[in-house]
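Trainee: Task: produce atomic coordinates for the following.
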Amino acid sequence: MDITAPAYDEPNFSKITTEKLTHYKVIWQKCADHLKRELQYDEIPMNLASNDALKKWESTDHPVLPPPPYTIENVYAFYESCDKICDSVDLEEVSHRPPDLNRVSFAASLGIQFISHQLLLWIPDEEEAGKIERNGVQSALEIWLHNNPGYQAMHLQQQAAAKEDKFTCPSQDNGIETVRIKDYCSSVVNGQYYIVTSILDPDSEDDSCDVWVDDEKMQDWLECRVNVECEVEE
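Mentor: Numbers count the residues shown, from 1 in each chain. Got it, this is the predicted structure:
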C-alpha cells in the first residue's frame, strides 16, 4: 500500500488506532500511579510534572505532532517515536525515578492528544471515530480495573448508579437535592468523572447547572443517597 495514502485507508486502521489509544492511556495511568507513590501524593495531581520537568522535555529529543494531512507514513512514524520513549521504562517494576516517569507520561499523553484531538477529528467517518474513542477509553479502564481489583466493586456500583439516572445527594448548603446523571466520562487530565445536573428534564437542559463529580465524591454520595422516582412537572 502507498504509505503516502491517508491513514484511514489502512485496512486495519480502526483496530490499530483503538489499540494505540488504549496503550497510551494505560501507560499514562501507570505513570500517574507510580508518581503518586514515588512523590507521596494523596491524589494524582492535575499536572503530573513540574515546570522543570516540562522544560527538560522540551529541551530534549521528543516526538513532534505530525501535520495534516495524516498519512500512513507520518502517523506510523509518530507512533514509533512515542513508543520508543514509552518502552524505555519497565513500568512493571516497583520503583522508578520521577524524571523517567515524567518523560514516559509526556510521550503517552502526546499520543493520546494526537489520536483523540487530531487524528479522529480528521477522518471522514464520524461514527467510526466515536467508536474508536469509546472503545479505547473502555479498554483502558478495563485493564486498569483488572490491575487494581480493589476498585472494581466501587466502579460497578457507580455504573449501577449511573443507570438509575436520578437520585438525591448532599447539596452545597448541607441539605439534600435531586440530581440527574448526564454522563460518565474519562479524560487524560481529569481521569474518570461524572457530569450531573440539577435540571431533571432532559428536554429542558443546558450546561449552566452542570457539575463534574469525581469517583471519590460519587462514592460518598452513593453511601448516603436516597433513590427517588422523580416526576417532572409540565
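Trainee: Outline the domain layout of this structure.
Mentor: 7-147, 154-227 (automatic domain parsing).
Trainee: okay, those, which one's buried deepest?
Mentor: Most buried of the domains of the chain, by mean neighbour count (mean count of other Cβ atoms under 10 Å): domain 7-147, with a mean of 16. To be clear about C-beta, it is placed using only N, CA and C from the backbone, and glycine gets the same treatment.
Trainee: Would you work out how far apart the start and end of that domain are?
Mentor: For domain 7-147, the separation between the terminal residues is 32 Å (Cα to Cα, to the nearest Å).
Trainee: Show me the beta-bridge partners of residue 196.
Mentor: On the basis of DSSP bridges, residue 196 is bridged to residue 181, residue 211.
Trainee: If you average the pLDDT over the longest helix along the chain, what comes out?
Mentor: Under DSSP state H, the helix in the chain containing the largest number of residues is helix 13-38. If you average the pLDDT over helix 13-38, you get 88.
Trainee: again, but for stretch 58-68
Mentor: The pLDDT scores in stretch 58-68 average 84.
Trainee: Output that stretch as PDB, restricted to C-alpha atoms.
Mentor: What follows is stretch 58-68, C-alpha atoms only, in PDB (Å, rounded to 0.1, in the frame of the first residue of the first chain):
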ATOM      1  CA  GLU A  58      11.100  20.400  25.600                       C
ATOM      2  CA  SER A  59      14.900  20.700  25.600                       C
ATOM      3  CA  THR A  60      15.500  17.100  24.600                       C
ATOM      4  CA  ASP A  61      14.600  15.000  21.600                       C
ATOM      5  CA  HIS A  62      10.900  14.100  21.800                       C
ATOM      6  CA  PRO A  63       8.000  13.200  19.500                       C
ATOM      7  CA  VAL A  64       6.500  16.000  17.400                       C
ATOM      8  CA  LEU A  65       2.900  16.000  16.400                       C
ATOM      9  CA  PRO A  66       2.700  15.300  12.600                       C
ATOM     10  CA  PRO A  67       0.900  17.900  10.500                       C
ATOM     11  CA  PRO A  68      -2.100  17.100   8.300                       C
END
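Trainee: Touching that stretch from outside, list them.
Mentor: 74-75, 77-78, 81-82, 85, 106-107, 110-111, 113-114, 118, 122 (Cβ atoms under 8 Å, 6 or more residues apart in numbering).
Trainee: Could you tell me the least trusted of the domains of the chain?
Mentor: Ranked on mean pLDDT, the bottom entry among the domains of the chain is domain 154-227, at a mean of 66.
Trainee: re earlier: so which pair among the contacts of stretch 58-68 is furthest apart in space?
Mentor: 85 and 122 (23.9 Å; Cβ to Cβ).
Trainee: who's in contact with residue 81?
Mentor: Residue 81 sits in contact with 62-64, where contact means Cβ under 8 Å, 6+ apart.
Trainee: so which of those comes closest to residue 96?
Mentor: When those are compared against residue 96 (criterion: Cβ to Cβ), the nearest one is residue 62, at 18.5 Å.
Trainee: How is the closest one assigned, secondary-structure-wise?
Mentor: coil (DSSP: H, G, I helix; E, B strand; the rest coil).
Trainee: Going along the chain, name the helices of this structure.
Mentor: Assigned by DSSP H, the helices in the chain fall at 13-38, 51-59, 72-86, 98-114, 120-122, 126-147, 152-164, 215-224.
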